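Asks: just a sequence and a predicted model for now, questions to come.
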Amino acid sequence: MDMEKILEDFDDAYNEAFNRGDAAGCAAFFTEDVVLLAPDQPIIRGRKAFEDTYRSRMDQNSGGTHTNELVEYGVEGDLAYQVGTYAIADANPPEQGSFVNILKRQPDGTWKVSVSIFNNSKP
């Protein structure tokens, strides 16, 4: 298993969904019971709440291009972590920051994020 390749492919597909404004497509990369810790918000639980949150984020950052950069990762059995940076360029307003994802291997062998934490930094 090449976890770096898995995470890069995961990020590419996630970015494509975000860039086409597909909140449901983004949510599909997360477990049904996902926990999201987003800036200036209470803890968000569940895929539906995640999708609603991301739909709102996409509305606020219209026209932008979302990218991720993998900084570090690790895997132990059916759990993995990913540390990275993200940016939403050409958006109004632009956004950048960092994130940590905890992923769980699913019964079908795919990986989904079960916990996601992200922070904004000033561009």
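Replies: Yes, it's here. Residues are numbered from 1 along each chain as shown.

Asks: could you pull out the strands in this protein for me?
Replies: All strands of the chain, identified by DSSP state E, fall at 30-37, 44-45, 65-76, 79-89, 95-105, 111-121.

Asks: right, and R45 touches D33 too?
Replies: Yes - in this structure, R45 is within contact of D33 by Cβ atoms under 8 Å, at 7.1 Å. (Glycine included, C-beta is placed from N, CA and C.)

Asks: re the thing from before, and the strands of the chain as JSON lines, adding mean pLDDT, mean neighbour count and distance to T53?
Replies: JSON lines is the format used below for the strands of the chain (pLDDT from 0 to 100; neighbours: other Cβ atoms under 10 Å; distance: least, Cβ to Cβ, whole Å):
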{"stretch": "strand 30-37", "mean pLDDT": "97", "mean neighbour count": "17", "distance to T53": "7"}
{"stretch": "strand 44-45", "mean pLDDT": "96", "mean neighbour count": "14", "distance to T53": "5"}
{"stretch": "strand 65-76", "mean pLDDT": "95", "mean neighbour count": "14", "distance to T53": "15"}
{"stretch": "strand 79-89", "mean pLDDT": "95", "mean neighbour count": "18", "distance to T53": "15"}
{"stretch": "strand 95-105", "mean pLDDT": "96", "mean neighbour count": "18", "distance to T53": "14"}
{"stretch": "strand 111-121", "mean pLDDT": "95", "mean neighbour count": "17", "distance to T53": "10"}
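
Asks: export the ones you listed to TSV and tack on distance to D2?
Replies: Converted to TSV, the strands of the chain look like this (distance: least, Cβ to Cβ, whole Å):
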stretch	distance to D2
strand 30-37	22
strand 44-45	31
strand 65-76	10
strand 79-89	12
strand 95-105	14
strand 111-121	12
